[in-house]
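Undergrad: sequence plus predicted model, see below.
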Amino acid sequence: MAGIPQLRAAGWFVTGQERPHRSEHLSYHLLVRLWEHMDGSGVWSVSLHDCAAPAGHGRVERRYGSEDAARTALAAMYALARHLPPLPTMPPLGQTEPNHELGRWQISEDRQSGAGEVGTAGH
């Protein structure tokens, strides 16, 4: 669609159960997004969001002159986040303190094909 940036990839850095059930579910820590600008400039953007930050804060974005440069930056974010210490996740029913565990990426990709691909990358 001309003029409107198109989302080409996104990933959530999460802890918790893969499929929510009973008292446990996913805790979202980071969101990354890869955008293609559709204005003919060839510009791509990568944004990183801290899910715990107040609205309007905890977001950084960088523009790149090519898809390859933007995807390299995105891959670096995926790799670096795996070195974070264990993060809090929702406590089981009856427990007041959160559990801590290593995070993992849940990634969705769309390389302009119209078909999305979803995967989970472990720690």
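TA: Received, thanks.

Undergrad: C-alpha from now on. contacts and neighbour counts both.
TA: Fine.

Undergrad: strands along this protein, start to end?
TA: According to DSSP state E, the chain carries its strands in the segments 6-15, 27-36, 44-50, 59-64, 87-89, 99-101, 104-109, 117-121.

Undergrad: quick one: distance of the fifth one to the chain centre.
TA: When you say that, I think you mean strand 87-89. How far strand 87-89 lies from its chain's middle: 16 Å, per C-alpha atoms, centre = their mean, to the nearest Å.

Undergrad: now it: mean pLDDT?
TA: Summarised as a single mean, pLDDT over strand 87-89 is 88.

Undergrad: swap in the third one?
TA: Strand 44-50 shows an average pLDDT of 96 in the prediction.

Undergrad: strand partners of that strand, parallel vs antiparallel please.
TA: Taking DSSP bridges as the criterion, strand 44-50 forms sheet pairs with strand 27-36 (antiparallel), strand 59-64 (antiparallel).

Undergrad: of those, flag the one that's most buried.
TA: Of all the strands paired with strand 44-50, strand 27-36 has the most neighbours on average by mean count of other C-alpha atoms under 10 Å, namely a mean of 21.
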